[in-house]
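*Asks:* Predicted model, plus sequence, below.
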Amino acid sequence: MKEYVGNYDGEKQRIGIVIAKFNDLVTKRLLEGARQTLFQAGVTAGNIEVYWVPGAFEIPRTARLLSESGRVKGIIALGAVVRGETAHFDYVCAAAANGIAEISLQGAVPVMFGVLTTDTMDQALNRAGGKAGNKGSECALALLEMISLQQQIQKI
Ligand SMILES: Nc1c(NC[C@H](O)[C@H](O)[C@H](O)CO)[nH]c(=O)[nH]c1=O
Ligand SMILES: CC(=O)[C@@H](O)COP(=O)(O)O
């Protein structure tokens, strides 16, 4: 898990996390990585809202609703899409990535892409707290940086 090294003040920041249940062996580890990094930055547990959706394909809709709600300063989208036998993998990944990117670009708050798109479960586990780090922790750091940048630009 990446150490929190920035000076992005997490105090009083309310953060949303939209997370897929599919492959929750992986996504629960992504969530823990994100939570621990947010805690290190001063975000309190009460200021983290977690919303579970069936799969990565459903992340964009819930992320958009949360973005439009005005409740949070930023959102982390977490999922784990592991390739199967058919092209379904490609469509789920594309829908999740394109949908999340659009909401981040068009919406009022930044949305981080923390959806693993791997060929094997081992690759996914390695990126959820294994030897390749924790994508949830990475996204938490990135989100705090994006919130800080937005506040600097908007002079909030
Ligand atoms: N195969 C994976 C899925 N598939 C399910 C879809 O995300 C979606 O829930 C379903 O098609 C109904 O709309 N989802 C993941 O998150 N990861 C996968 O590996
Ligand atoms: C990413 C998926 O949707 C995948 O798990 C589905 O597996 P399959 O392509 O074998 O149906």
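*Replies:* Sure, I can see it. Ligands and ions are numbered 1, 2, ... in the order given.
*Asks:* ok, and does stretch 29-39 reach over to ligand 1?
*Replies:* No - Stretch 29-39 stays clear of ligand 1 (CB under 6 Å from any ligand atom), getting no nearer than 11.4 Å. (C-beta placed from N, C-alpha, C; glycine too.)
*Asks:* List the buried residues in that stretch.
*Replies:* Neighbour counts over stretch 29-39 (16 or more other CB atoms under 10 Å) mark 29-38 as buried.
*Asks:* One more: stretch 43-52?
*Replies:* 43, 47-48.
*Asks:* Is there proximity between that stretch and ligand 1?
*Replies:* No - legend: contact between stretch 43-52 and ligand 1 by CB under 6 Å from any ligand atom is lacking; minimum distance shown is 11.3 Å.
*Asks:* Quick one: mean pLDDT for that stretch?
*Replies:* Per-residue pLDDT values across stretch 43-52 average out to 97.
*Asks:* Any idea how far that stretch is from the middle of the chain?
*Replies:* Taking CA atoms, centre = their mean, to the nearest Å, one finds the center of stretch 43-52 at 12 Å from the center of the full chain.
*Asks:* end to end, how far does it reach?
*Replies:* 20 Å (CA to CA, to the nearest Å).
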